[in-house]
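[1] For reference, the sequence and a predicted model appear below.
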Amino acid sequence: MAIPSLPCTSIEQGPVSMCVSLPGGCSVCLSYPTSGIPSAIAVTKQLLAEMAPALSPLAPFFNVLECLQAAPQLIFNPDPFITALLKMAAMVPALSVPILAVNCLDILIAYLTGLKQQLVAFVAQEARLAEMATKATALGCPQLQLQVDCATAQVSAQMTAVNDGMGPLNGIVSMLNIFLGLIGGPTVPPLSSLGSDPAAALAPLQAIIDALQAVRDSIPI
């Protein structure tokens with residue numbers, strides 16, 4: 001009896017050690033996964049994710065270095081020096097704080113806009129569930145009613161998760177108000193619970209988005 005051949009795919013192990021040397025003598029080395037056999041792409045993606053926060057604080061150093069390198073050619077070609085100087089301008093608190101405030105506002109507005117889209121979907125889902133509940137009553141079908149009750153509970157749980165997610169955002173709002181105070185901007189009110197009714201939450205949520213957008217528009221960046 002012939003023994004059937006089984007498909008066998010070779011497994012390539014990623015590099016065991018991989019580091020990136022940074023200015024100043026320090027280095028960022030890979031935190032090797034604790035389970036499984038990572039591929040080369042998984043290893044490099046992990047290292048790239050760890051490099052990003054390590055390289056960010058070095059940006060001012062490279063901006064200054066770029067400015068110094070362009071300075072000798074200022075008379076003959078001022079464009080590189082001006083470009084480098086504009087990058088260094090972001091290091092000045094009077095210029096960097098408004099940019100940081102705008103970034104925080106943009107993030108909050110984007111998050112709450114996405115949250116509004118979720119609420120609209122919840123409202124549509126509740127309307128469909130109401131139609132199904134009516135059919136279940138008309139047909140005398142307890143199985144269908146059980147499905148409606150289960151789906152309704154899921155919508156309720158999702159609204160609870162939405163409200164729980166609003167709390168941590170107030171930490172960003174508190175820091176944002178500090179930044180806005182430094183530049184003489186208005187104060188953003190804290191975010192409150194949206195309640196358990198998705199339809200009733202749409203108008204208050206839109207009011208919050210509009211208030212944040214007004215603050216965003218008041219900063220000329």
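    Received, thanks. Numbering: from 1, shown residues only.

[2] what about residue 111, how many neighbours?
    Residues within reach of residue 111, counting by other Cβ atoms under 10 Å, total 15. C-beta here means a position set from N, CA and C on the backbone, and glycine is covered the same way.

[3] Excluding sequence neighbours, find me the nearest residue to it.
    residue 169 (7.3 Å; Cβ to Cβ, 6 or more residues apart in numbering).

[4] OK, contacts around that neighbour?
    Shown in contact with residue 169 (Cβ atoms under 8 Å, 6 or more residues apart in numbering): 108, 111, 191.

[5] OK, contacts around the last one?
    Read it as residue 191. Per Cβ under 8 Å, 6+ apart, neighbours of residue 191: 166, 169-170, 173, 208.

[6] Pick the one among those closest to residue 126.
    Using Cβ to Cβ, residue 166 is the member of those that lies nearest residue 126, at 20.1 Å.

[7] Phi first, then psi, for the closest residue to the closest one other than its chain neighbours.
    Of all residues not flanking residue 166 in the chain, residue 191 sits nearest, at 4.9 Å (Cβ to Cβ, 6+ apart). Backbone torsions for residue 191, taken as degrees, to the nearest 10, come to phi -80, psi 140.

[8] what's the distance between residue 191 and residue 112?
    8 Å (Cβ to Cβ, to the nearest Å).

[9] Quick check: neighbours shared by the two?
    Common neighbours of residue 191 and residue 112 (Cβ under 8 Å, 6+ apart) are residue 208.

[10] Toward the C-terminus from the longest helix along the chain, list the very next helix or strand.
    Longest helix in the chain, counting residues (DSSP state H): helix 93-139. On the C-terminal side of helix 93-139, the closest following helix or strand by DSSP states H and E is helix 142-182.

[11] Alright, that wraps it up for me.
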